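A.B. asks: no sequence on this one, just coordinates:
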């Protein structure tokens, strides 16, 4: 079943191109001005914590499944695999090893569940 779009085809393509161009200009501006100014030390120190914070924000809900955490349907393989991955991360301090260990643990625990 087809639906009528509120935008005509040329307007939709123009909007898509404008969004793509805007995204490209924003990214290119940071690349082009990378050497023109220096980042203050306090900001540079603070930016070191951005990747771990983003990763934690992405991984934690998937591990804990907060919507079903305290219901009988709560499953244990995800948190258990997360603990294995955390232990491997502390021991090895290598991202690829951590990801592989976490995925293998998740597959094993999911097969056992």
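C.D. replies: Structure's in. What do you need? No experiment lies behind these values; they were computed from the predicted model shown. Numbering: from 1, shown residues only.

A.B. asks: what about the helices in this structure?
C.D. replies: 9-32, 41-47, 50-64, 77-92, 95-112 (DSSP state H).

A.B. asks: Same list, the ones you listed, but as JSON lines with mean neighbour count and mean pLDDT please.
C.D. replies: Using the backbone N, CA and C atoms, a C-beta is placed for each residue, glycine as well. Shown next, in JSON lines, are those (neighbours: other C-beta atoms under 10 Å; pLDDT from 0 to 100):
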{"stretch": "helix 9-32", "mean neighbour count": "10", "mean pLDDT": "91"}
{"stretch": "helix 41-47", "mean neighbour count": "9", "mean pLDDT": "91"}
{"stretch": "helix 50-64", "mean neighbour count": "11", "mean pLDDT": "85"}
{"stretch": "helix 77-92", "mean neighbour count": "16", "mean pLDDT": "93"}
{"stretch": "helix 95-112", "mean neighbour count": "14", "mean pLDDT": "94"}
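
A.B. asks: Would you enumerate the residues in contact with the closest residue to residue 106 other than its chain neighbours?
C.D. replies: Leaving aside its sequence neighbours, residue 106 sits nearest to residue 81 (C-beta to C-beta, 6 or more residues apart in numbering; 3.8 Å). The contact partners of residue 81, taken as C-beta atoms under 8 Å, 6 or more residues apart in numbering, are 63, 102, 103, 105, 106, 109.

A.B. asks: Endpoints of stretch 43-58, how far apart?
C.D. replies: 23 Å (C-alpha to C-alpha, to the nearest Å).

A.B. asks: What does residue 48 show for phi and psi?
C.D. replies: Phi and psi for residue 48, reported as degrees, to the nearest 10, are phi -60, psi -20.
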